[in-house]
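A.B. asks: mind looking at a prediction? Sequence and model below.
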Amino acid sequence: MVFYAILGEVNGKRAPQEQIGMLFVNVRSFEVVRLHKGLFPTSRKRVIIFILGALGFALILIGFFFW
């Protein structure tokens, strides 16, 4: 949900022909986060995304060890 909020903010600042579509947005997720960093340098949403990603990765590893 946080990522799509970032995508909406990035698309809101870009011209209509330069906006990133929803279809293959997962492929371009790092680009969206990089653009968001340039447009909104003080936003904390990127930190939330990285924390949630690290927690998800840790849960996957824990799941493999205890399976």
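C.D. replies: All right, it came through fine. Residues are numbered from 1 along each chain as shown.
A.B. asks: so what's the gap between the longest helix along the chain and the chain middle?
C.D. replies: Criterion DSSP state H: the longest helix present in the chain is helix 45-65. In terms of C-alpha atoms, centre = their mean, to the nearest Å, the centre of helix 45-65 is set 13 Å apart from its chain centre.
A.B. asks: ditto for stretch 15-23
C.D. replies: The gap between where stretch 15-23 is centred and where its chain is centred comes out at 15 Å by C-alpha atoms, centre = their mean.
A.B. asks: equivalent analysis for stretch 56-67, please.
C.D. replies: 22 Å.
A.B. asks: rounded mean pLDDT for that stretch, please.
C.D. replies: Taken as a whole, stretch 56-67 carries a mean pLDDT of 94.
A.B. asks: what's the answer for stretch 19-39, then?
C.D. replies: Predicted confidence along stretch 19-39 averages 90 (mean pLDDT).
A.B. asks: list the buried residues of that stretch.
C.D. replies: When burial is assessed from 16 or more other C-beta atoms under 10 Å, stretch 19-39 yields the following buried residues: 20, 29, 32-33, 35-36. Where you see a C-beta, it was placed from the backbone N, CA and C, and this is true even at glycine.
A.B. asks: CA atoms only: put that stretch into PDB for me.
C.D. replies: C-alpha atoms of stretch 19-39 as PDB (Å, rounded to 0.1, in the frame of the first residue of the first chain):
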ATOM      1  CA  GLN A  19       3.500   8.700 -15.900                       C
ATOM      2  CA  ILE A  20       4.300   5.100 -15.000                       C
ATOM      3  CA  GLY A  21       1.400   2.700 -15.600                       C
ATOM      4  CA  MET A  22       0.100   0.200 -13.100                       C
ATOM      5  CA  LEU A  23       0.500  -2.800 -15.400                       C
ATOM      6  CA  PHE A  24       4.300  -3.500 -15.000                       C
ATOM      7  CA  VAL A  25       5.000  -1.200 -12.100                       C
ATOM      8  CA  ASN A  26       6.700  -4.000 -10.100                       C
ATOM      9  CA  VAL A  27       9.400  -4.300 -12.700                       C
ATOM     10  CA  ARG A  28      10.100  -0.500 -12.400                       C
ATOM     11  CA  SER A  29       9.700  -0.400  -8.600                       C
ATOM     12  CA  PHE A  30      13.300   0.800  -8.000                       C
ATOM     13  CA  GLU A  31      12.900   3.500 -10.600                       C
ATOM     14  CA  VAL A  32       9.700   4.700  -8.800                       C
ATOM     15  CA  VAL A  33      11.500   4.800  -5.500                       C
ATOM     16  CA  ARG A  34      14.500   6.700  -7.100                       C
ATOM     17  CA  LEU A  35      12.200   9.200  -8.700                       C
ATOM     18  CA  HIS A  36      10.300   9.700  -5.400                       C
ATOM     19  CA  LYS A  37      13.600  10.400  -3.700                       C
ATOM     20  CA  GLY A  38      14.400  13.100  -6.200                       C
ATOM     21  CA  LEU A  39      10.900  14.700  -6.000                       C
END
